[in-house]
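>>> model this:
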Amino acid sequence: MQMTETFTKLAALTAVSFMLLTPAFAQTAEPKEDKVVAVVNGHEIKTSEVQMAAEDILGQLPDIPPKLRYPYIVEYLVERHLLAQAAVKEGIGDSEEYKRRLALYQAKALRDAYFAQTIVPTVTEEEMKKAYDTESAKVAQTERIRARHILVASEQEAKQILARLEKGEKFEDLAKQYSLDGSKEYGGDLGYFTAPEMVPEFSKAAFALKPGEVSQPVKTDFGWHVIKLEDRKMGGAQPYDQVKTAIRNILLRKKTQEKIISLRLQSKVELKDPDLVRFAEEARKLRQKAVQQRKDGAAPQGEQPDGTDAPALTGEEPTTGGGKSDMQAPQQ
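Below you'll find the model as predicted:
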């Protein structure tokens, strides 16, 4: 559930292409002044080179404190140029290994430059605000509740749980002791969810409760449940400034996917490895299934039924992630 997968999930290959393509979006503009920050045997390292290096390596090094990133990247470039200069002196530049790597890095450089110069500028502030307005309206119309549950194998066990709750025992403690699903580790907490996210019997019982109330035993295909409602609210969107980066990234992904699809339709791509051929066929079937589900009005696997990506707008974090998936309604 990440802000708006109405912006298509096409195929694993397309998604991987985007992930490989995406440098740090905020770092694509040229610096106002391209200063020299270090010199290695006559080679000048400028701020533009530091910026491009940051796009490549910072995503792999998330634990570096922000104040140390700049000197770290400069040191990384100093070491890279020292080794590169040594390679030139030793004639490595004439080797087949170097030529193969050069062709690979040249394609990457062209791809990154194409992304920065032709795709990134197409995502405008106006487009981002329009996407925010559309999705925030959906969030505002969706009721969410937060509930706990205890899942047991029989109605008799569920009634015994109820009896102990009536005597004053804590719901969380009984959930940790007796519940059969992943939410037990969190006292049965399922976090916030909408009615379509859960199986119908469970949602009907949970949404009928008032905060603090506990249900009678509820039977589903998973077993018997005792449900406690913690909170209920209509969805509320976070302020635009807090989610605009996420919206921008989603729009960039959408445009990148569209461009890749367009290029593939205009190109001849031959797969020689039989395993890759089988994988491509499986991906094609998944795309067809996703398209058909949209035509039928069903949300493809992993999407919200309304096509929204609630946490990106609401700011809600999945409270557990453990038991909620056990109770979610299956995708058709």
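
>>> where do the strands of this structure begin and end?
For the chain, the strands defined by DSSP state E occupy 36-40, 43-46, 143-152, 189-193, 218-220, 223-234.

>>> report the buried residues of stretch 198-210.
198-199, 202-203, 205-207, 209 (16 or more other Cβ atoms under 10 Å). (C-beta placed from N, C-alpha, C; glycine too.)

>>> tell me which of those fall in helices.
Using DSSP state H, the subset of these located in helices is 202-203, 205-207.

>>> I'd like those residues written out as TSV, with pLDDT and distance to residue 213 added.
Output for those, formatted as TSV (pLDDT from 0 to 100; distance: Cβ to Cβ, whole Å):
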residue	pLDDT	distance to residue 213
202	96	15
203	95	15
205	96	10
206	96	10
207	96	11
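
>>> show the average pLDDT along stretch 244-255.
Mean pLDDT, stretch 244-255: 92.

>>> which parts of it are buried?
246-255.

>>> picking up where we left off before, nearest to residue 132, out of the strands of the chain?
Smallest distance to residue 132 across the strands of the chain (Cβ to Cβ): 17.6 Å, for strand 223-234.

>>> orientation of that closest one relative to strand 189-193 in degrees?
50 degrees (axes from the mean of the first three to the mean of the last three Cα atoms, to 10 degrees).

>>> what is strand 223-234 packed up against?
Under the contact definition 3 or more Cβ pairs under 8 Å, 6 or more residues apart in numbering; DSSP states H and E, strand 223-234 sits against strand 143-152, helix 155-166, helix 200-207, strand 218-220.

>>> any idea what residue 229 is bridged to?
residue 147 (DSSP bridges).

>>> please enumerate the helices of this structure.
Under DSSP H, the chain gives helices at 12-21, 47-57, 66-89, 96-114, 125-140, 155-166, 171-178, 200-207, 240-266, 274-296, 310-314, 324-327.

>>> let's have those in CSV, adding distance to residue 216.
Output for those, formatted as CSV (distance: least, Cβ to Cβ, whole Å):
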stretch, distance to residue 216
helix 12-21, 44
helix 47-57, 57
helix 66-89, 53
helix 96-114, 59
helix 125-140, 32
helix 155-166, 7
helix 171-178, 14
helix 200-207, 8
helix 240-266, 40
helix 274-296, 35
helix 310-314, 29
helix 324-327, 17
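
>>> tell me which of those helices sits most buried.
By mean neighbour count, with neighbours taken as mean count of other Cβ atoms under 10 Å, helix 310-314 ranks first of the helices of the chain at a mean of 23.

>>> now it: mean pLDDT?
Mean predicted confidence for helix 310-314 is 54.

>>> what's the closest of the helices and strands packed on strand 223-234 to residue 190?
Among the helices and strands packed on strand 223-234, strand 143-152 sits nearest to residue 190 (Cβ to Cβ), with 5.4 Å.

>>> against which helices or strands is the closest one packed?
Against strand 143-152 (3+ Cβ pairs under 8 Å, 6+ apart) you get helix 155-166, helix 171-178, strand 189-193, helix 200-207, strand 223-234.

>>> re earlier: make TSV from the helices and strands packed on strand 223-234 and add distance to residue 38 to it.
Converted to TSV, these look like this (distance: least, Cβ to Cβ, whole Å):
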stretch	distance to residue 38
strand 143-152	52
helix 155-166	67
helix 200-207	60
strand 218-220	64
